[in-house]
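> I'll drop the sequence and a predicted model, then ask my questions.
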Amino acid sequence: MELSSPRFKALAVSAGLTLWFFVITSIVGVFKLEYFAIFIAIVFTLMQLMSIKVVGALDLLAIYLTKIFLAILFVFVISLYGIFFRVLRIDLLRTKKHNGTYWLEMEQKTQSRILKGY
């Protein structure tokens, strides 16, 4: 972002703010296409007009928006893994014994089946 032009930075920050406006209004349940269009028009216009004067603030805002987005994405992906493992009954720590799992039973292996030991 440091080598980008102020106009591009303003465009990137405007897109980020627009995304967060969409997410927050959708979660709250007050999303309307008219409000979204007005918000986009106002934010893009203001950011483009003030882009040269607030370049430093745009850098900081872009960095914080990116960090927040990536943190939420990380939590979402980890949550999905937890849900999938729970649904598929995968016990990564092998804390419980299950008859219907696909994990190998290492206790049943004998020394005669092991060919090389290091």
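It's in.
> and the gap between the most centrally placed residue in the chain and Ser5?
With the centre of the chain defined as its mean C-alpha position, the nearest residue by CA atoms, centre = their mean is Leu73, 1.3 Å away. When CB to CB, to the nearest Å is the yardstick, Leu73 and Ser5 sit 27 Å from each other. C-beta coordinates here come from the backbone N, C-alpha and C atoms, glycine included.
> I'd guessed Thr18 sits against Ile42; true?
No: between Thr18 and Ile42 there is no contact, the gap being 10.4 Å when judged by CB atoms under 8 Å.
> more neighbours: which of the two?
Per other CB atoms under 10 Å, whichever of Thr18 and Ile42 has more neighbours is Thr18, with 15 against 11.
> that one sits in which helix or strand?
Assessed by DSSP states H and E, Thr18 sits inside helix 6-28.
> what helices or strands is that helix leaning on?
Helices and strands in packing contact with helix 6-28 are listed as helix 33-49, helix 55-87; criterion 3 or more CB pairs under 8 Å, 6 or more residues apart in numbering; DSSP states H and E.
> residues in contact with stretch 45-54?
With contact meaning CB atoms under 8 Å, 6 or more residues apart in numbering, stretch 45-54 is reached by 6-7, 9-11, 13-14, 58.
> how about 10 Å then?
Contacts to stretch 45-54, defined as CB atoms under 10 Å, 6 or more residues apart in numbering, come from residues 5-15, 17, 57-58, 60-61.
> over to stretch 20-28?
30-32, 35-36, 39-40, 43, 65, 68-69, 72.
> and it, average pLDDT?
Over the span of stretch 20-28, the pLDDT mean works out to 92.
> give the buried residues for it.
Phe21 (16 or more other CB atoms under 10 Å).
> repeat that for stretch 26-44.
Of the residues in stretch 26-44, those buried (16+ other CB under 10 Å) are 39-40, 43-44.
> how many other residues sit next to Leu60?
By the criterion of other CB under 10 Å, Leu60 has 12 neighbours.
> related to what we said a few turns ago, relative to Glu34, how far out is the residue nearest to the centre of the chain?
For Leu73, the distance to Glu34 under the criterion CB to CB works out to 29 Å.
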